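Student: sequence first, predicted coordinates after that:
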Amino acid sequence: MDHATARADLAAAFRLTAAEGMNEAVANHFSFAVNQDGSQFLINPKKHFSLMTASDLWVIDANDPDSMTGSNAPDPTAWGLHASLHRHVPHARCAMHVHSTYATVLACLIDSRLPPIDQSSAMFYNRQVIDEDYGGLALEEEGTRCARLFQDPSVRTMIMGNHGVLFIGETIAETFTRMYYFERAARTYILALQTGRPLRELSHEVAELTAQQQEGDTQAEADLFTGMAQTLSPDYRH
């Protein structure tokens with residue numbers, strides 16, 4: 001199978017991430033499982049997100065380290081983090097890891113929680129986990145440790161303390177939507193903190209209701225992703 005649709009959608013996600021300024025040159029990785037148990041997955045080589053095409057993406061086997069060898073292979077952290085996720089977290093069909101600016105600022109705070117201060121941040125209320133134990137580059141041991149923090153299926157956002165942020169989901173559109181809104185919500189929060197004025201935090205009841213209203217809306221996720229992808233030059237599909 002050539003996984004043409006998945007390849008095109010993942011390539012679009014890379015380009016949209018670059019367009020939104022959430023990429024870091026050729027660093028960071030997105031992956032998407034292409035077999036039933038998730039052990040085989042698409043992932044990006046060392047190439048700038050803004051130039052990624054469907055045919056650039058590699059198929060990696062999470063149980064075969066040799067599948068990571070070859071010219072322009074993904075870097076070792078791609079194996080360490082994403083192979084661990086696809087081995088240990090069955091509901092992580094898709095995974096997106098970035099060092100986007102505002103999410104990373106949040107990850108550098110002693111309290112890295114994103115509080116529910118607006119509609120976008122409420123999406124993550126009681127649905128985020130904070131990794132408090134950063135231990136260096138996301139090689140295999142570190143990747144396995146991070147994967148263990150995703151055992152609760154309701155938690156699909158990880159604020160990686162002193163590092164960045166990691167999102168998982170069932171589809172590319174779902175995972176990208178979560179990443180997109182988290183960065184915007186983190187930006188709102190960091191800018192609100194800079195005013196030095198008290199924050200208007202939503203109550204538990206309203207925050208939970210708002211999270212539930214936005215959760216699992218696959219049509220809204222598809223609409224956002226498709227609508228944004230329409231702004232791209234179609235050559236990403238090649």
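Tutor: Arrived safely, thanks for sending.

Student: low pLDDT regions in this protein?
Tutor: For the chain, the stretches flagged by pLDDT under 70 are 1-2.

Student: check which helix or strand the nearest residue to Y134 once chain neighbours are set aside maps to.
Tutor: With sequence-adjacent residues excluded and distances taken as Cβ to Cβ, 6 or more residues apart in numbering, Y134 is closest to N162, at 4.2 Å. No exception for glycine: its C-beta is placed from N, CA and C like everyone else's. Assigned by DSSP states H and E, N162 belongs to neither a helix nor a strand.

Student: dihedrals phi and psi, the most centrally placed residue in the chain?
Tutor: Centroid-nearest residue in the chain: M96, 2.7 Å away (criterion: Cα atoms, centre = their mean). Dihedral pair for M96: phi -130, psi 120, per degrees, to the nearest 10.

Student: is the residue lying farthest from the centre of the chain in a helix, a strand, or coil?
Tutor: Of all residues in the chain, R197 has its C-alpha farthest from the mean position, at 30.8 Å, by Cα atoms, centre = their mean. Of the three states, R197 takes coil under DSSP: H, G, I helix; E, B strand; the rest coil.

Student: what residues of the longest helix anywhere in the chain count as buried?
Tutor: For the chain, the longest helix by residue count, based on DSSP state H, is helix 172-194. For helix 172-194, burial by neighbour count (16 or more other Cβ atoms under 10 Å) applies to 172-189, 192.

Student: in which helix or strand does G143 reside?
Tutor: helix 140-148.

Student: may I have that helix exported as PDB, CA atoms only?
Tutor: Provided in PDB are the C-alpha atoms of helix 140-148 (Å, rounded to 0.1, in the frame of the first residue of the first chain):
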ATOM      1  CA  GLU A 140      14.700   5.500  23.400                       C
ATOM      2  CA  GLU A 141      14.700   5.600  27.200                       C
ATOM      3  CA  GLU A 142      13.300   9.100  27.300                       C
ATOM      4  CA  GLY A 143      10.700   8.300  24.700                       C
ATOM      5  CA  THR A 144       9.500   5.200  26.600                       C
ATOM      6  CA  ARG A 145       9.200   7.300  29.700                       C
ATOM      7  CA  CYS A 146       7.100   9.900  27.900                       C
ATOM      8  CA  ALA A 147       4.900   7.200  26.300                       C
ATOM      9  CA  ARG A 148       4.000   5.900  29.800                       C
END
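
Student: and for it, what's in contact with it?
Tutor: Residues from elsewhere that reach helix 140-148, judged by Cβ atoms under 8 Å, 6 or more residues apart in numbering: 77, 79-85, 87-89, 92, 131, 133, 135-136, 138, 158, 160, 166.

Student: this structure: strands as residue ranges?
Tutor: Ranges of strands in the chain, per DSSP state E, are 29-33, 40-43, 58-61, 94-98, 128-131, 157-160, 164-169.

Student: dump those strands to JSON lines, plus distance to E201.
Tutor: Formatted as JSON lines, these follow (distance: least, Cβ to Cβ, whole Å):
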{"stretch": "strand 29-33", "distance to E201": "32"}
{"stretch": "strand 40-43", "distance to E201": "38"}
{"stretch": "strand 58-61", "distance to E201": "41"}
{"stretch": "strand 94-98", "distance to E201": "26"}
{"stretch": "strand 128-131", "distance to E201": "15"}
{"stretch": "strand 157-160", "distance to E201": "17"}
{"stretch": "strand 164-169", "distance to E201": "21"}
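
Student: kind regards, and thank you for your time.
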